[in-house]
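Trainee: one predicted model, sequence on top.
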Amino acid sequence: MSSLDLINVVKRFGELTVIDGVDLDITEGEFVVFVGPSGCGKSTLLRMIAGLEEISSGELRIAGNRMNETPPAKRNIAMVFQSYALYPHMNVERNLGFALETARLPAAEIRERVTKAARFLQIDHLLDRRPAQLSGGQQQRVAIGRALVRQQKLFLFDEPLSNLDADLRMEMRVEIARIHREMKATTVYVTHDQMEAMTLADRIVVLKEGRIAQAGTPMELYERPANRFVASFIGSPRMNFLPGTLTQDGEESVLTLFGTPHRLPAHDYAGEVTVGIRPEDLILGGGEVTLTADVLLVEPLGGEALVHLNVEDGRSIVVKVQGKPDIRPGATTSVGWNHTRANLFDKDERALSRKGA
Amino acid sequence: MTSGPMRIGLKATRARTAWLFLAPSFLVLFAVALWPLGRTFLFSFTDAFLTQPDLYDYIGLENYFTLFEDPLWWQSVRNTLYFTVISVSIETALGLAIALLLNARLSGRGALRAVILIPWAIPVVVSARMWQWMLHDQFGIVNHVLKLMGFIDHGIAWTADPDLVMPVIIAVDVWITTPFMVLLILAGLQMLPKSIYEAAAIDGVSQWRQFTALTLPLLAPSIAVAVLFRLLDALRMFDLSFVLSSNSDDTKTVSIYAREVLVNFQDMGVGSAASAAIFLMIALVTAIYLTVFRLNRKLLGA
């Protein structure tokens, strides 16, 4: 196990700054997920940790030692690639053992480690096959196995599941969680799928345009997003946003939504705001703040349903309700929420906190 | 069940359309390849002469006996095989080296790639003439430069010296056709997935081992195809040897031998027998090569 420290790390490609001063301490055994939309720099950051991209400025430390100039092979890392990067001309057994073979380990030990990893990943019946003869999920298991046999202290995963179909993705997600539980190796995992991030991570790092938008536990990010970007990125279906203005009135704040004032606990801010409420926090026909809305569409998902509504200025919002709602498209209803479940963002899209909170 | 007969009808129509589209190319192929080849085999069993090709008798295998008893035929076979093996080997090694160099991230790679193709773009006869002049024993630039640098006192007769002429022809062939090898191998190199090299770098696989354990086996099919093309070309080499040293027995290839018998001696029978033998020789070499390669791939499990 290794700790990993990024200190004001920057990556430039010519004029373009892709990673713009990232600071992050990852403790031993932690499972950290980098998440963000495409182009946010998450894969670049991972490749910088791996040594596949040079670090323009700042420092990378693994187990406390500066690694900026260390070649990938000497960083004691193992990496799983999005494309699996299996050696196409070698069978599964050789793919798994190739790094050990290169490191001149005794043949008996190579066989032992390969067999163990293959059994652990349930690919021991595939050892004679070549990558082209395997399904995507099996190839992914081999790629993970190749990383496992090296028994390194730091695991890097670069979007390992994005080439798999939904079922397999779920299955492999459980598998990766199991591997982490049993190996306890420090893990950095890159994905664009917030669901993977939520289910796997000890800590999620949301990246936006080369900067950390927020880092924290999955529930922290879900409950207290630091800005509108994180609020909209984490959670599915995504958070609803409504424009409003916030004014001060003595000990209270007043939130004006579509011309109607609503009294709120005091905030240290006045001006334009965005109100963010998650679909599951909206209540049909109730709540401390209510709006009238037209029902656009009801999507029953079995155990729950998504109700799409049009609120006053034609903006559409989504409500998640349990069971099957007794409501039809075209009907008019009221929708509301309680103050504690609403997130307020200032005009710079930063989250507002309540006075004294 | 109406769908059964209907499907067959559809299939038949499609087959007929396919044959219709293929017919023109079959016709052309027959006219320019199969018919002449058939005629060549036919004439190889006759005593026809080029002056009166319509007057001939069938004489069985006699032309082949004449051919196989001629020591010059066997020398030209040896010359051809020697030229083929040496030049194709050098071109493959050199082509691989240059392709690897061009595949690296080099500044001005595009320009280099274009420049390297020039020798291959020039018609062989033009290249041969050019080299003939450069290698001229009195006025050639090669001797001039060597003299200036003090390596030699007198001009060397590059294309007249029986010990030098074959190496010279091989060198010029290498100059002309290495670009072709580079191009084919480079195309193969660029198909290799980049991520496996990143995986190998992280796994601590050295550059040399990446080359021997990853690049070479994955590149083998591309190299094999390139070598096959070059083999076929080199086995029927005519122009280079004909221009650089037209009458020397030391560089006579089978193609030159066949032309000599057919045109100079007007002996259509033996000339055709030589042509047929060349055809069979190339077919045999190709068959052996493909078999070995396929076997090799099977053994490697590729």
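Mentor: Looks like it arrived, so ask away.
Trainee: chain A contacts on the stretch 101-250 of chain B?
Mentor: Proximity of the stretch 101-250 of chain B to chain A, by C-beta under 8 Å from any C-beta of the partner chain, involves residues B:193, B:195-196, B:198-199, B:201-206, B:209, B:213-214, B:217-218. C-beta here means a position set from N, CA and C on the backbone, and glycine is covered the same way.
Trainee: narrow those to just the buried residues.
Mentor: Among those, those scoring as buried are B:193, B:195-196, B:198-199, B:201-205, B:213-214, B:217-218 (criterion: 16 or more other C-beta atoms under 10 Å in any protein chain shown).
Trainee: among the residues you listed, which one lies nearest to A:Pro325?
Mentor: For those, the closest approach to A:Pro325 (C-beta to C-beta) belongs to B:Ser195, at 47.9 Å.
Trainee: would you confirm that A:Phe98 contacts A:Tyr87?
Mentor: Yes: contact status for A:Phe98 versus A:Tyr87: in contact at 6.4 Å, counting by C-beta atoms under 8 Å.
Trainee: distance between the helix or strand bottoming out on mean pLDDT in chain A and the chain's centre?
Mentor: Across the helices and strands of chain A, mean confidence by mean pLDDT, DSSP states H and E is lowest for strand A:260-265: a mean of 86. Distance of strand A:260-265 from the chain centroid (C-alpha atoms, centre = their mean, to the nearest Å) equals 34 Å.
Trainee: so what touches that strand?
Mentor: By C-beta atoms under 8 Å, 6 or more residues apart in numbering or on different chains, the residues outside strand A:260-265 that reach it are A:246, A:249, A:252-256, A:288-289, A:291, A:339, A:354-355.
Trainee: closest to A:Asp346 among those?
Mentor: Nearest to A:Asp346 among the contacts of strand A:260-265: A:Leu246, at 8.5 Å, using C-beta to C-beta.
Trainee: am I right that the closest one is in a helix?
Mentor: No: assessed with DSSP: H, G, I helix; E, B strand; the rest coil, A:Leu246 is strand; it does not lie in a helix.
Trainee: hey, what's it bridged with?
Mentor: Counting by DSSP bridges, A:Leu246 is bridged to A:Leu255, A:Gly271.
Trainee: could you check how far it is from chain B?
Mentor: 50 Å (C-beta to the nearest C-beta, to the nearest Å).
Trainee: which ones are touching that residue?
Mentor: By C-beta under 8 Å, 6+ apart, the contact list for A:Leu246 reads A:253-256, A:264, A:267, A:269-273, A:344, A:352.
Trainee: returning to that earlier point: determine which two of the contacts of strand A:260-265 are furthest apart.
Mentor: Greatest spatial distance among the contacts of strand A:260-265 (C-beta to C-beta): A:Leu291 and A:Lys355, at 25.2 Å.
Trainee: looking at these two, which has the bigger crowd around it?
Mentor: The residue with more neighbours, out of A:Leu291 and A:Lys355, is A:Leu291; 21 against 13, by other C-beta atoms under 10 Å in any protein chain shown.
Trainee: the closest residue to A:Glu159 other than its chain neighbours: how many residues sit nearby?
Mentor: Closest residue to A:Glu159 apart from its sequence neighbours, by C-beta to C-beta, 6 or more residues apart in numbering or on different chains: A:Gln82 at 4.2 Å. A:Gln82 has 18 neighbours, counted by other C-beta under 10 Å.
Trainee: for chain A, which residues are neighbours of chain B?
Mentor: A:50-52, A:71-75, A:77-79, A:81, A:83-89, A:91, A:98-99, A:102-103, A:130, A:146, A:150.
Trainee: kindly recompute the last result at 7 Å.
Mentor: Within chain A, the positions lying close to chain B (C-beta under 7 Å from any C-beta of the partner chain) are A:50, A:52, A:72-73, A:77, A:79, A:81, A:83, A:85, A:87-89, A:91, A:98-99, A:102-103, A:130, A:150.
Trainee: so which of these are in strands?
Mentor: Among the residues of chain A next to chain B, DSSP state E puts A:Ile77, A:Met79 in strands.
Trainee: now do the residue of chain A positioned farthest from its centre, the pLDDT please.
Mentor: Here the centre of chain A is the reference, and by C-alpha atoms, centre = their mean the most remote residue is A:Gly250, at 40.7 Å. pLDDT, A:Gly250: 79.
Trainee: contacts only, for B:Glu227.
Mentor: Let me fix one detail, which is that residue B:227 is Val and not Glu. B:Val88, B:Thr92 (C-beta atoms under 7 Å, 6 or more residues apart in numbering or on different chains).
Trainee: mind checking how far it is from chain A?
Mentor: Using C-beta to the nearest C-beta, we find B:Val227 at a distance of 19 Å from chain A.
Trainee: that residue in helix, strand or coil?
Mentor: Three-state assignment for B:Val227 (three-state DSSP): helix.
Trainee: on that earlier part again, are any of the residues of chain A next to chain B buried, and if so which?
Mentor: For the residues of chain A next to chain B, buried by 16+ other C-beta under 10 Å: A:50, A:52, A:72-73, A:77, A:79, A:81, A:83, A:85, A:87-89, A:91, A:98-99, A:102, A:130, A:150.
Trainee: just the ones in helices from those, please.
Mentor: Judged by DSSP state H, those include A:Ala50, A:Phe98, A:Ala99, A:Thr102 as members of helices.
Trainee: for the second one, give me its contacts.
Mentor: When contacts are counted by C-beta under 7 Å, 6+ apart, A:Phe98 is found next to A:Tyr87, A:Met90, B:Asp203.
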